[in-house]
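**Student:** Fold the following, please.
(2 chains)
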Amino acid sequence: MKARVTVTLKSGILDPQGKAIEGALRSLGIVGVSSVRQGKVFDIEIEGGDRDKTEALLKQAADKLLANTVIENYRVDVLG
Amino acid sequence: MKAAVLHFPGINRERDMARTLRLISGREPAMVWHAETELPSGTDLVVIPGGFSYGDYLRCGAIAARSPIMNAVRAYAAHGGLVLGVCNGFQILCEAGLLPGVLMRNENLRFICRDVYLRVERSDTPFTRGYNAGQVVRVPVAHGEGNYIADGETIARLEGEGRVLFRYSSPDGMIDPNWNHNGAINAIAGIVNERGNVFGMMPHPENHVETAIGPTDGRGLFAGLVEALDRAA
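**Tutor:** Below is the predicted model:
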């Protein structure tokens, strides 16, 4: 089973990397960008085909390791 | 002092740390590999040195914080054992949940490698008893992610309970954004846990202990620890 865990910075947490990317986009002439926040994507393959189990397992993985919940939020998407 | 220096893949300051501990305590520290599940018996100081454990993959300190030896460190700390984390060691302690908050990318996005000045906030802890409160010490930093942050409630608690032991300051002890190199909230350079036995700091006191190299302001931290442990024995 394929799944994706997306980790993003919580709002209010300063993201200096996002700010730098935002500046670089502007200097490339890509207009209209008002904000950039950088995050992480984990594409994960799980043995077995149970959606609920996969989701529960990946939530555990995100809480324990993939995200630092002090500063980050995460979302689990089971892609099937 | 029976110090144990933890060794993770990618750490590169463990020998500096061991040298300093030997120099100041007169005793060779034990080097403990990350895959171990127990600390050497009689350990009275655990030191997590600096470096780039696991290449800073995922987040600084994240993978090291979940290694087998950290369960032993957690149990040891729960019994009141002293733990010192420096640089990556501080990041590991935060990721392990032994200290609150997180070390973010430096505000200016640059890796900072230079001497900084730290104001000692209090001297009545095992980690700072070798200094006077208000004293300014000069020690090096070498990090890309040392910008300390936590939620407002945590910061208020840290400040209210006097758990900030070092702040980045000017040479005369003023707290000023120009001297807060990495942009840490309230210029925080080092914090202690609620119980007062687990301490993390970004700067490297172990690198300023010998006159042949330069200033020796780092000695106070280690001499103070030796003294605290002698008194407890």
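**Student:** And the helices in chain B?
**Tutor:** B:14-25, B:68-78, B:88-95, B:152-160, B:219-232 (DSSP state H).
**Student:** what does the first one rub up against?
**Tutor:** Judged by C-beta atoms under 8 Å, 6 or more residues apart in numbering or on different chains, the contacts made with helix B:14-25 from elsewhere in the structure are B:1, B:3, B:5-7, B:27-29, B:31, B:47, B:49-51, B:86, B:204-207, B:209-210, B:218-219, B:222-223, B:226. No exception for glycine: its C-beta is placed from N, CA and C like everyone else's.
**Student:** wait, which of the helices of chain B is closest to B:V139?
**Tutor:** Of all the helices of chain B, helix B:219-232 sits nearest to B:V139, with 8.8 Å by C-beta to C-beta.
**Student:** Give me the helices and strands touching the closest one, please.
**Tutor:** When contacts are defined as 3 or more C-beta pairs under 8 Å, 6 or more residues apart in numbering or on different chains; DSSP states H and E, helix B:219-232 packs onto helix B:14-25, strand B:82-86.
**Student:** contacting residues around the worst-scoring helix or strand of chain A on mean pLDDT?
**Tutor:** When each helix and strand of chain A is scored by mean pLDDT, DSSP states H and E, helix A:16-27 comes last, with a mean of 92. For helix A:16-27, the external contacting residues (C-beta under 8 Å, 6+ apart) are A:9, A:33, A:35-38, B:104-109, B:147.
**Student:** Tell me which residues of that helix come out buried.
**Tutor:** Buried residues in helix A:16-27, counting neighbours by 16 or more other C-beta atoms under 10 Å in any protein chain shown, are found at A:16, A:19, A:22.
**Student:** buried sites along stretch B:98-118?
**Tutor:** Judged by neighbour count using 16+ other C-beta under 10 Å, the buried positions of stretch B:98-118 are B:98-107, B:112, B:116-118.
**Student:** and it with chain A, contact?
**Tutor:** Yes: Stretch B:98-118 is in contact with chain A by C-beta under 8 Å from any C-beta of the partner chain, via B:100-102, B:104-109.
**Student:** about what we covered before: columns distance to A:A3 and mean pLDDT on top of the helices of chain B, output as a markdown table?
**Tutor:** Shown next, in a markdown table, are the helices of chain B (distance: least, C-beta to C-beta, whole Å; pLDDT from 0 to 100):
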| stretch | distance to A:A3 | mean pLDDT |
| --- | --- | --- |
| helix B:14-25 | 38 | 97 |
| helix B:68-78 | 27 | 98 |
| helix B:88-95 | 24 | 98 |
| helix B:152-160 | 32 | 97 |
| helix B:219-232 | 46 | 95 |
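**Student:** Quick check: residues of chain A near chain B?
**Tutor:** A:13-14, A:16-17, A:20, A:64-66, A:68, A:70-71.
**Student:** Which pair of those spans the longest distance?
**Tutor:** Pairwise over the residues of chain A next to chain B, using C-beta to C-beta, the maximum falls at A:A20 and A:K64, 29.8 Å.
**Student:** so of the buried residues of stretch B:98-118, which ones are in strands?
**Tutor:** Using DSSP state E, B:102-104, B:112, B:116-118 are the members of the buried residues of stretch B:98-118 that sit in strands.
**Student:** Any idea which of those residues the model trusts least?
**Tutor:** Ranked by pLDDT, those bottom out at B:M104, which scores 93.
**Student:** so the residue sitting furthest away from the middle of chain A is in which element?
**Tutor:** Within chain A, A:G29 marks the point farthest from the mean C-alpha position, 26.5 Å out by C-alpha atoms, centre = their mean. For A:G29, there is no enclosing helix or strand under DSSP states H and E.
**Student:** any chance of the helices and strands packed on helix B:219-232 in CSV, with mean neighbour count too?
**Tutor:** CSV is the format used below for these (neighbours: other C-beta atoms under 10 Å in any protein chain shown):
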stretch, mean neighbour count
helix B:14-25, 19
strand B:82-86, 27
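**Student:** TSV for those, including distance to B:R195?
**Tutor:** Formatted as TSV, the helices and strands packed on helix B:219-232 follow (distance: least, C-beta to C-beta, whole Å):
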stretch	distance to B:R195
helix B:14-25	23
strand B:82-86	10
